[in-house]
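# next comes the sequence, and after it the predicted model I'd like to discuss.
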Amino acid sequence: MTLTNQLIQFLFTGLTVGSIYALVALGFSMIYNSTTIINLAQGEFVMLGGLIMVFFTMVLKIPMILGFALTVIGVTLVGALFERLAIHPLKRASLITLIIITLAGSILFRGVAMFLWGKDPYALPPFSGRSPVQFWGATIQYQIFWILGITVLVVFGIWFFFNRTLMGKAMAACAFNPLAARLVGINVRKMVLFSFGLSAAFGAIAGAIITPITLMEYDRGPLLALKGFAAAVLGGLGSGAGSVVAGFIIGILESLGAGLISSGYKDAIALVVLLVILWVKPSGLFGSAEESQLKKF
Amino acid sequence: MSEEVLKVQGLQKSFGGLRAIDSLDFMVAEQQIKSIIGPNGAGKTTLFNLITGILPPTAGTFEFKGRPLRGMKAHEIARLGISRTFQNLELFANMTALENVMVGRHVRTLAGIFKAGLRLPGMRREEREIREKAMEELRFLGLENKALMNATSLPLGEQKLLEIARALATQPKLLLLDEPAAGLNMREAEKLAETIIKIRQREITVMLVEHDMSLVMDISDEVLVLNYGKKIAEGPPGDIQRNRQVIAAYLGEEADA
Amino acid sequence: MKRDDLYTILCILITVGLFPWLAGGNQYFISLLIFMGINGIIVMGLGMLMGYAGQISLGHAAFFGIGAYSSGILTAKYAFHPFPAFFIGVLLSAIIAFLVGKPTLRLKGHYMAVATLGFGEILFIVFNELSPLTGGPSGLSGIPSLTFLGHPIEGAIYLYLVWGFLLLLLLFSLNVINSRVGRALRAIHGSELAANAMGVDASRYKLQVFILSAMYASMAGSLYAHFVTFISPSSFSFMFSILLLMMVVVGGAETIWGSLLGAMLLTLLPEYLRGLEDFEVLAYGAILMVVLLFMPQGILEGVRKLFFRKIKVGGL
């Protein structure tokens, strides 16, 4: 393969994992926007998405589309339940406690997953088209098109939701000023619940679409969460567009680094980006410094 | 001619498009009691935040005893001798009243982490001094009986006095009090007035942000009036009370007949 | 020194001193207590960072690893004497803590948590990838035991060594807490704004206590390496950082005794769960959740409150 071919290969791999990071980052931004909390259990929603989809389609032999829908619904419920049982009761707790409770949630989810599925990785068949495709000299698995396509759909759906629907705008209002939001009749509690459910849904979608390529095991969550968070911060926490663009950037950087430099340190690439961004410009590429200072954490 | 303790020139603070403080010039003489008044949102607390280094100014300078302060960090300014209380109490809720005041002594003491960890004799002596001086300040404010109680379990009036005790423990030359009388009843406010005079007797210059006009007019040497971040009047209390612009600022413009 | 603290220290001294005899020389129990001591050392430092200064670190396993690998590599591969290897580990941890801490401690709450998490993960990857030096995922073996005058220090003697260290560090920590520095840290936790206004250089103190906690973790790492004589990156993973955090939170972050209690309890936990491997992670998550929801001040405070309530009701 020539260098160009290799680069195209890496580009597609980068876009693929980048989609996952973008979806995870969207989940972070969403919860942050409505609650100013960072949900450290975000990665576990992805893991659950993958493993539950495996259960529905491989064990119960339900057709893929139905399995996908059920998976997303199921994980959404998990997210909502998590908010009700663990986040909501602690609304007035200190910041550290809130951070740790989402951490506890992630450990709990991981524990349940380990109990139900064990430590082995599980596979899913690709959604369609078993054989890879030749694209500009690179060999692309068909699933990648599904991944990119679904991600684009989700992103468009989000954009539409936040900018064109009343409920979306209401959600954005909640994070900025919950009191004012309440005074104009927005049910802040419901919004928070909804945002957790929605970001769980994103995670589930990400997990379901990536498992055919990368498999899924019980402890994939934390690293995914870290990288997705890196994308969220890089793009400006709370900015949907930023999250998506940054997700792809990190995915491509990681892929290029793994291919051209070293594959052992692949995971460290996103993490180094995370640290650099947090240390140098926490407001991210697209956020403003002043705005990020005004937001409470 | 008494020395200038604080000199502010061309001070400006903008938050995006909003000018919270606009071209402010004034000075505070030694051992003066100078009050800052003005309608809500006039920029009074912002002014305090600028002087104590909590917020950086957008433009202008301010000097403390001839020494420019712009760009210095809050703790460095505290070391130089400026201390303050807060409008919305910022006591250390996780400590007792005495411990709160002892933190005030931090800036006049030295023991670092290793001296403290090894409990060297110099450090032990210093600890005793810290405790004694802190109790002195509590006594000055009449709070010595509450020394071992958790700071936030005190009634509001006493919490405000505790903040003053803590600020005094830093041995300031200039003390900034941000609405110390807020939430106090008349008797407490009178006692506060006496306390501020006693503070001045300790050769400490006092700047006061207040809404309680009787307190302000009673004890101030000079009053500075801010409105929309600009100085609209400055002078002895009597003059200020008669100043038309001040009255207008507080009551709104009278409609022309 | 407060009297209660002195009594507690004496109790610890006596219990640990008699333990080998109480345990009937059972090496398993003795090792358990050694691990409790090692974890206790780390957790004292972490507890000061979290409980007193109010900061958070989700990556402390990294410093534990730095100490362990420094001692391990230098003594096993380069025939260093354990003492200089130990100090090099501590120095290295301090330097890295300084470099990482300076930009990280400026960050607010969540961002700091994630930054420390990221840092811990990066170091974990480094431990795994620097195979020629660290032995990679298969680990580093052949770490010499400590010796005194030619005799290997093991078993009960190692127990005394570890707990001797712990007690010395405990005394140091208590002194710091009961001093101007301790008050400054608590002030930062109470209101960083007011602390700065009263002349406390908050950034400096946060960094100092972060470095101190890293040094504690490094010392524990060295003691760990010489005890187990074989180390691998899996002991220095993010899960261990979380376990350390749990020890502080579950025991009670507010006091150093709470953190120590947490270390004791949660070192035992994996032992209880030895048969129920499937439940291990689940149990961690469940315990952490329950404590946070129902006893956020930690078990020590929770039990103390319960105790006082009973006395009040019963006494009257």
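Arrived safely.
# only C-alpha atoms from now on, for both contacts and neighbour counts.
Fine.
# where does B:K7 fall, phi/psi-wise?
phi -130, psi 120 (degrees, to the nearest 10).
# I'd say it and B:M27 touch.
Yes. B:K7 is within contact range of B:M27, at 4.3 Å (criterion: CA atoms under 8 Å).
# for the chain, give the helix that spans the most residues.
Using chain A. helix A:3-35 (DSSP state H).
# um, chain C though
Using DSSP H, we find that the single longest helix of chain C is helix C:202-228.
# show me what the helix or strand following that helix pairs with in its sheet, parallel or antiparallel.
Where DSSP states H and E defines the elements, the next helix or strand beyond helix C:202-228 is strand C:230-231. Its sheet considered, strand C:230-231 pairs with strand C:140-141 (antiparallel) by DSSP bridges.
# how far off centre is the partner strand?
Relative to the centre of its chain, strand C:140-141 is centred 23 Å away, using CA atoms, centre = their mean, to the nearest Å.
# hey, where'd the helices end up in chain A?
A:3-35, A:42-54, A:64-82, A:95-117, A:143-164, A:166-176, A:178-183, A:188-214, A:221-234, A:240-256, A:266-280, A:289-294.
# ignore the last one, the stretch 101-250 of chain C
C:109-129, C:131-134, C:155-177, C:180-190, C:192-197, C:202-228, C:238-251 (DSSP state H, counting those that start in this stretch).
# do the same with the stretch 101-250 of chain B
B:113-118, B:121-140, B:156-169, B:186-201, B:213-219, B:237-242, B:244-251.
# the fourth one vs helix B:121-140, what angle?
Looking back up the chat, that one is helix B:186-201. 130 degrees (axes from the mean of the first three to the mean of the last three CA atoms, to 10 degrees).
# which residues sit against helix B:186-201?
With contacts defined as CA atoms under 8 Å, 6 or more residues apart in numbering or on different chains, helix B:186-201 is touched by B:Q31, B:Q32, B:I33, B:L141, B:G157, B:P180, B:A181, B:V206, B:L215, B:I219.
# mind redoing it with 6 Å?
Here helix B:186-201 makes contact (CA atoms under 6 Å, 6 or more residues apart in numbering or on different chains) with B:Q31, B:A181.
# one more: the first one?
Residues from elsewhere that reach helix B:113-118, judged by CA under 6 Å, 6+ apart: C:F172, C:N175, C:V176.
# at 7 Å what do you get?
Applying CA atoms under 7 Å, 6 or more residues apart in numbering or on different chains, the contact partners of helix B:113-118 are B:M123, C:F172, C:S173, C:N175, C:V176, C:S179, C:V181.
# just give the nearest non-adjacent residue to C:G37, would you?
C:W163 (5.7 Å; CA to CA, 6 or more residues apart in numbering or on different chains).
# against chain B, how distant is that neighbour?
As judged by CA to the nearest CA, to the nearest Å, C:W163 and chain B stand 18 Å apart.
# mind pulling up the pLDDT for residue 157?
Going with chain A. The confidence metric pLDDT takes the value 86 at A:G157.
# um, chain B though
pLDDT, B:G157: 89.
# residues touching residue 57, list them.
All of this refers to chain A. Per CA under 7 Å, 6+ apart, neighbours of A:T57: A:P63, A:M64, A:G67.
# let's do chain C instead
With CA under 7 Å, 6+ apart, C:S57 has these contacts: C:A113, C:T116.
# repeat that with 8 Å
With CA under 8 Å, 6+ apart, C:S57 has these contacts: C:L46, C:M50, C:M112, C:A113, C:T116, C:L117, C:L245.
# what's the answer for A:A173, then?
By CA under 8 Å, 6+ apart, the residues touching A:A173 are A:S34, A:A181.
# for C:G72, give its distance to C:W163.
21 Å (CA to CA, to the nearest Å).
# who's more crowded, the two?
C:G72 (34 against 25; other CA atoms under 10 Å in any protein chain shown).
# distance of that one relative to chain B?
28 Å.
# that residue touches C:G139, doesn't it?
No. Using CA under 8 Å, C:G72 makes no contact with C:G139, being 10.5 Å away.
# which residues are in contact with each of these two?
C:I231.
# and the pLDDT at residue 148?
Went with chain A since none was named. 89.
# try chain C instead
81.
# quick one: low-confidence ranges for chain B?
Along chain B, the model assigns pLDDT under 70 to residues B:1-2, B:251-257.
# count the neighbours of the residue of the stretch 201-316 of chain C found nearest chain A for me.
Relative to chain A, the nearest point of the stretch 201-316 of chain C is C:L282 (3.7 Å; CA to the nearest CA). If you count neighbours by other CA under 10 Å, C:L282 ends up with 23.
# can you check A:F127 too?
So A:F127, with other CA under 10 Å, has 16 neighbours.
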